[in-house]
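Visitor: sequence isn't available, so here's the structure alone:
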């Protein structure tokens, strides 16, 4: 028989259903895993980097891979984003912080498969510059440079 003090404790005991507990744990685990999986690198102060696109980078869903870089831009900045590679057909995309594509370029005006993107920034913030190969394949070395253009 259960004593009166034990019955009182059981009456106020909160039992979490197993499905709710599992949902809570999986949500926390998913958030931690996503923050570890997607962690774009900030461009150095020079806004220029030499790097390598690999099959370990972000799958694009189009058969290729992408690598993202963070860059801080100010409202009114006119920006040139130059992506060159001898290894793959370069494509560069500028994304807002929420992942919206603002602008992208596949082939620059020089007749090569390098990418050159010109755009004007309308809102101050941190943007993502996405480097990827055009089409389904392409990995290898590349150079990325973000330049703020100044009126003469």
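Guide: That came through fine. All figures in this text were calculated on a predicted structure; none of them were measured in a lab.
Visitor: name the helices or strands packed onto the strand or helix carrying residue 52?
Guide: For residue 52, the host element (DSSP states H and E) is strand 48-53. In terms of contacts (3 or more Cβ pairs under 8 Å, 6 or more residues apart in numbering; DSSP states H and E), strand 48-53 is packed against strand 65-73, strand 125-133, strand 140-149. From N, CA and C alone the C-beta is placed, and that goes for glycine too.
Visitor: toward the C-terminus from that strand, list the very next helix or strand.
Guide: Per DSSP H and E, the helix or strand that comes after strand 48-53 is strand 58-59.
Visitor: any weak-confidence spans in the chain?
Guide: Low-confidence segments of the chain (pLDDT under 70): 1-36, 136, 151-152.
Visitor: related to what we said a few turns ago, just say which of the helices and strands packed on strand 48-53 is most tucked in.
Guide: strand 125-133 (a mean of 21; mean count of other Cβ atoms under 10 Å).
Visitor: the strand holding residue 52 pairs with which strands, parallel or anti?
Guide: strand 140-149 (antiparallel) (DSSP bridges).
Visitor: and the angle from the partner strand to strand 65-73?
Guide: On the basis of axes from the mean of the first three to the mean of the last three Cα atoms, to 10 degrees, strand 140-149 is oriented at 20 degrees to strand 65-73.
Visitor: contacting residues around strand 140-149?
Guide: Here strand 140-149 makes contact (Cβ atoms under 8 Å, 6 or more residues apart in numbering) with 43, 47-53, 69, 71, 73, 77-88, 90, 92, 118, 129, 131.
Visitor: which residues does the residue nearest to residue 108 when sequence neighbours are not counted bridge with?
Guide: Spatial nearest neighbour of residue 108, excluding adjacent residues (Cβ to Cβ, 6 or more residues apart in numbering): residue 116 at 3.4 Å. For residue 116, the beta-bridge partners are residue 82 (DSSP bridges).
Visitor: residue 116 contacts residue 104, doesn't it?
Guide: No: at 11.3 Å, residue 116 does not count as touching residue 104 under the criterion of Cβ atoms under 8 Å.
Visitor: compare the two and say which is more crowded by neighbours.
Guide: residue 116 (19 against 16; other Cβ atoms under 10 Å).
Visitor: shared neighbours, residue 116 and residue 104?
Guide: residue 92.
Visitor: circling back to that earlier point, hmm, which of the contacts of strand 140-149 are the buried ones?
Guide: With burial judged by 16 or more other Cβ atoms under 10 Å, the buried subset of the contacts of strand 140-149 is 43, 47, 49, 53, 69, 71, 73, 77, 79, 81-85, 88, 90, 92, 129, 131.
Visitor: alright, I will stop here.
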